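J.: missing the sequence, but the structure's below:
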Ligand SMILES: NC(=O)c1ccc[n+]([C@@H]2O[C@H](COP(=O)([O-])OP(=O)(O)OC[C@H]3O[C@@H](n4cnc5c(N)ncnc54)[C@H](O)[C@@H]3O)[C@@H](O)[C@H]2O)c1
Ligand SMILES: [Zn+2]
């Protein structure tokens, strides 16, 4: 097992990464304020992991209220959030009853937001079971639900007590979900860790094939990068944390434009990153060879590199709702070089047009 720390002063917490951690309940127990928790999960994950997890908690003297939600990105909404509140109230969950998010990013984001607001805030724990959640969404305290007009529009910054990433859970994941997680892994290399990007270029096939050792290394290195960024800019105030949004301005537009759940988040991020790379190339920061390396690694990860043709006007309208918009201007995350990202609002409309035209299917 590897343990990393998210250095946030009094809100600091450990990330444990390793095989078989779901059975090592002592890693959770020491953080719980009460020997009772509510485990929030969904109908896909429950039959795989819920009973064994609840039994291990019981063996450690902790009773668990299971809350099993429907599955899908389109359920990351008010209706499902309310179902969580209904269950918490029905079971008389208290201020010290921690919520445990057992699942992917959808469960993690929803549960985190429920924890941030139930009784004005209760403790919560992340037990991520997808690659994407283990490398990204379970770390850093961004919690949210979607609004029909935009992704993650309603939420809170709210840090968990501990993150427990059991790499064994990745064995039951669909291949498409493994690829989606790799999109965020590649993102860390592109924005701030060129040696990691180069390691990924050498090892991407092994990662796609779920080589356990290499996956564990990729998760650790991703979490180390994310933890460093979050510690430096917890609430996305200095601009550093915003760099984690590489590919997301376009990606969120794709997800919202196509309807939640059609493209996976990681798939939209991959295609969005290619657009951001083309804008960066148009503006003279990176070369055609760099764009080619980015396209190539996503292709090898079995991720889409062309974006759906929503129409340029629709892209612009959707991106106008991005959370990074300031003073009405869209701010883009671009690449100064491979391994270094920056944020700018200065992208000429023609540059954007050209990059979109090059990047969409049926253009
Ligand atoms: N909070 C953040 O910082 C942050 C960062 C990145 C992404 N996100 C959010 O995360 C979400 C995407 O997360 P995701 O990719 O984990 O999707 P997801 O939560 O929808 O999980 C993907 C699918 O895998 C299933 N699943 C989960 N674990 C499984 C397992 N071990 N075995 C088999 N099936 C399993 C799920 O039920 C679901 O059908 C998006 O809503 C995105 O906005 C948040
Ligand atoms: Zn993301």
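T.: Now that the structure is in, tell me what you want to look at. All figures in this text were calculated on a predicted structure; none of them were measured in a lab. Ligands and ions are numbered 1, 2, ... in the order given.
J.: same question for stretch 186-197, mean pLDDT?
T.: The predicted model assigns stretch 186-197 a mean pLDDT of 98.
J.: In that stretch, which residues are buried?
T.: 186, 187, 188, 189, 190, 191, 192, 193, 196, 197 (16 or more other Cβ atoms under 10 Å). (C-beta placed from N, C-alpha, C; glycine too.)
J.: cool, stretch 26-40 as well?
T.: By neighbour count with 16+ other Cβ under 10 Å, stretch 26-40 contains the buried residues 27, 28, 32, 36, 37, 38, 39, 40.
J.: which residues are contacting stretch 62-70?
T.: 25, 28-29, 32, 35-43, 46, 50, 53-54, 57-58, 75, 80, 83-84, 87-88, 91, 93, 97, 100, 107, 110 (Cβ atoms under 8 Å, 6 or more residues apart in numbering).
J.: Sort out for me which of these are in helices.
T.: Those of these mapping onto helices are 28-29, 53-54, 57-58, 80, 83-84, 87-88, 107, 110, per DSSP state H.
J.: Switch those over to JSON lines; also include pLDDT and distance to ligand 1.
T.: Shown next, in JSON lines, are the ones in helices among the contacts of stretch 62-70 (pLDDT from 0 to 100; distance: Cβ to the nearest ligand atom, whole Å):
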{"residue": "28", "pLDDT": "94", "distance to ligand 1": "18"}
{"residue": "29", "pLDDT": "93", "distance to ligand 1": "22"}
{"residue": "53", "pLDDT": "98", "distance to ligand 1": "12"}
{"residue": "54", "pLDDT": "98", "distance to ligand 1": "16"}
{"residue": "57", "pLDDT": "97", "distance to ligand 1": "18"}
{"residue": "58", "pLDDT": "97", "distance to ligand 1": "21"}
{"residue": "80", "pLDDT": "98", "distance to ligand 1": "12"}
{"residue": "83", "pLDDT": "98", "distance to ligand 1": "16"}
{"residue": "84", "pLDDT": "98", "distance to ligand 1": "15"}
{"residue": "87", "pLDDT": "98", "distance to ligand 1": "18"}
{"residue": "88", "pLDDT": "98", "distance to ligand 1": "20"}
{"residue": "107", "pLDDT": "98", "distance to ligand 1": "6"}
{"residue": "110", "pLDDT": "98", "distance to ligand 1": "9"}
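J.: Most neighbours among those, please name it.
T.: When neighbours are counted by other Cβ atoms under 10 Å, residue 107 leads these with 31 neighbours.
J.: Ignoring the adjacent residues along the chain, who's closest to it?
T.: residue 101 (5.1 Å; Cβ to Cβ, 6 or more residues apart in numbering).
J.: longest helix of the protein?
T.: The chain, longest helix under DSSP H: helix 212-232.
J.: which other residues reach it?
T.: By Cβ under 8 Å, 6+ apart, the list of residues contacting helix 212-232 reads 2, 4-8, 15, 17-19, 131, 134-136, 139-141, 165, 167, 170, 184-185, 188, 192-193, 196, 199-200, 203, 206-207, 238, 240-241, 243-244.
J.: so where is this protein shaky, pLDDT-wise?
T.: Within the chain, the ranges that satisfy pLDDT under 70 run 362-363.
J.: try 80
T.: Residue ranges of the chain with pLDDT under 80: 361-363.
J.: what does it put close to ligand 1?
T.: 42, 44-45, 48, 71, 73, 76, 103-107, 109, 129-130, 132-133, 136-137, 140, 142, 151-152, 169, 172-173, 177, 180, 265-266 (Cβ under 6 Å from any ligand atom).
J.: Of those residues, grab the buried ones for PyMOL.
T.: Buried residues among the residues of the chain next to ligand 1 (16+ other Cβ under 10 Å), as a PyMOL selection:
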select buried, resi 42+44+45+71+73+76+103+104+105+106+107+109+129+130+132+133+136+137+140+142+151+152+169+173+177+180+265+266
